[in-house]
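S.K.: Here is a sequence with its predicted model. Questions after.
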Amino acid sequence: MHQKMTIALDETGYEGLYRTVGPRRMSQFIEDLLRPHVLGAALDDGYRAMAADEGREAEAEEWCNGLAGSI
């Protein structure tokens with residue numbers, strides 16, 4: 001879940017951010033910069049490893065499809 005937050009930047013910083021990443025990508029850009037500093041690499045590495053496990057992914061997809069079929 002995303003949380004909304006207000007930050008203050010000086011005008012030149014904001015203009016540079018706007019020019020570099022565009023108005024619709026600023027939040028994702030800032031989140032991508034912050035994530036390794038506040039969560040550490042272990043969580044991202046864990047998710048990457050899980051996604052690379054094809055057997056686990058196939059089992060998870062089968063489970064999800066089974067749930068959708070039972071509704």
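M.R.: That came through, no problem.
S.K.: how does this structure divide into domains?
M.R.: 1-38, 40-71 (automatic domain parsing).
S.K.: Please produce JSON lines containing those, extended by mean neighbour count.
M.R.: Backbone N, C-alpha and C define where each C-beta goes, glycine included. What follows is the domains of the chain, written out as JSON lines (neighbours: other CB atoms under 10 Å):
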{"stretch": "domain 1-38", "mean neighbour count": "10"}
{"stretch": "domain 40-71", "mean neighbour count": "10"}
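S.K.: looking at those, which one has the lowest mean pLDDT?
M.R.: Ranked by mean pLDDT, the domains of the chain bottom out at domain 40-71, with a mean of 83.
S.K.: just how off-centre is that one within its chain?
M.R.: The chain centre lies 16 Å from the centre of domain 40-71; the measure is CA atoms, centre = their mean, to the nearest Å.
S.K.: what's whatever helix or strand Gly66 lives in in contact with?
M.R.: Following DSSP states H and E, one finds Gly66 within helix 54-69. Residues outside helix 54-69 that contact it (CB atoms under 8 Å, 6 or more residues apart in numbering) are 50-51.
S.K.: How are the helices of the chain distributed by residue range?
M.R.: Applying DSSP state H to the chain gives helices spanning 11-21, 26-38, 41-52, 54-69.
S.K.: Using PDB, write down the CA coordinates of the shortest one.
M.R.: If I follow you right, that is helix 11-21. Taking C-alpha atoms only, helix 11-21 is exported to PDB below (Å, rounded to 0.1, in the frame of the first residue of the first chain):
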ATOM      1  CA  GLU A  11      12.800  25.400  -7.200                       C
ATOM      2  CA  THR A  12      16.000  24.300  -9.100                       C
ATOM      3  CA  GLY A  13      15.800  20.800  -7.600                       C
ATOM      4  CA  TYR A  14      12.200  20.400  -8.500                       C
ATOM      5  CA  GLU A  15      12.700  21.700 -12.100                       C
ATOM      6  CA  GLY A  16      15.600  19.300 -12.500                       C
ATOM      7  CA  LEU A  17      13.600  16.400 -11.200                       C
ATOM      8  CA  TYR A  18      10.700  17.300 -13.500                       C
ATOM      9  CA  ARG A  19      12.900  17.600 -16.500                       C
ATOM     10  CA  THR A  20      14.800  14.400 -15.800                       C
ATOM     11  CA  VAL A  21      12.000  12.000 -14.900                       C
END
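S.K.: Before I go, just wanted to say thanks for your time.
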